[in-house]
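[1] have a look at this prediction, sequence included:
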Amino acid sequence: MLLALTLLNTSQAADTLTRYSILSWRDLSRAISQCFDWNMPINMLLGPEDAYYISPTKEDLAAMVAFVLENKEKTPYVEESWDCDNFAREAKHWMDVWALRNYRNSRAAVTVGVAYVKLFIVLPDGEKFPLAYHALNVIRRSDGQWFFYEPQNGQLEPIELSLEDGSVEVVKINL
Ligand SMILES: [Ca+2]
């Protein structure tokens, strides 16, 4: 019985990588609060801006990232006027465009956000020191896995890698 349940769960997990997942704004807000250790407000002022959200499959996520690389301005870094927040908003824009073209009938926004985070230097003994504020993207895949996407170098990695060691703390997420 246990084996059967395990097999079922594995098969369900595989399904969610290839099938879209739709969340209401309330469920998205709860998922973000749970995954990022940051309480996303459930209101129009600071919470999700749309009613429903669609999460890309594994294949679609790869296509979205490629679409950003293909279309972005490639503007060099300019202090304040074209820095991390601008790169992150630009990447979100192109992912929104990709989703509009590919999920036109979903009537849902894509789960790509701009995350404002505080970075820390973490010493081996766990002591940490504030380093800087930063902006980058967060993306939820259809199986519920969240990723940080660094639009300045195209790197995509599971959020656990940065959150678990305490080197990144989320201050705000807009999506
Ligand atoms: Ca800026």
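    Received it, and whenever you're ready, just let me know what you need.

[2] after the helix-or-strand element of the chain with minimal mean pLDDT, which helix or strand is next?
    Counting by mean pLDDT, DSSP states H and E, the weakest-scoring helix or strand in the chain turns out to be helix 2-18, with a mean of 47. As assigned by DSSP states H and E, the chain's next helix or strand after helix 2-18 is strand 21-24.

[3] what's that next one packed up against?
    With contacts taken as 3 or more C-beta pairs under 8 Å, 6 or more residues apart in numbering; DSSP states H and E, strand 21-24 sits against strand 52-55. From N, CA and C alone the C-beta is placed, and that goes for glycine too.

[4] the strand it packs on - contacts with which helices or strands?
    Using 3+ C-beta pairs under 8 Å, 6+ apart, strand 52-55 sits against strand 21-24, helix 25-36, strand 109-110.

[5] what's downstream of that strand, the next helix or strand?
    Criterion used, DSSP H and E; the element after strand 52-55 is helix 58-71.

[6] residues of that following helix that come out buried?
    Asp60, Leu61, Met64, Val65, Phe67, Val68 (16 or more other C-beta atoms under 10 Å).

[7] for the fifth one, give me its contacts.
    Contact analysis of Phe67 by C-beta atoms under 8 Å, 6 or more residues apart in numbering lists Trp94, Met95, Val97, Trp98.

[8] by how many degrees do the host helix or strand of the first one and helix 58-71 diverge?
    When elements are defined using DSSP H and E, Trp94 is found to belong to helix 84-102. With axes from the mean of the first three to the mean of the last three C-alpha atoms, to 10 degrees applied, the angle from helix 84-102 to helix 58-71 works out at 120 degrees.

[9] for Arg30, the count of nearby residues, please.
    Look at Arg30: counted by other C-beta atoms under 10 Å, it has 15 neighbours.

[10] quick one: residues contacting it.
    Arg30 neighbours (C-beta under 8 Å, 6+ apart): Ile42.

[11] residues from this protein in reach of the ion?
    Residues of the chain lying close to the ion by C-beta under 5 Å from the ion are Asp83, Asp85, Asn86.

[12] the residues you listed, buried ones only, as a PyMOL selection?
    Restricted to buried positions by 16+ other C-beta under 10 Å, the PyMOL selection for the residues of the chain next to the ion reads:
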select buried, resi 86
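
[13] and which of the residues of the chain next to the ion is nearest Tyr52?
    Nearest to Tyr52 among the residues of the chain next to the ion is Asp85, at 26.0 Å by C-beta to C-beta.
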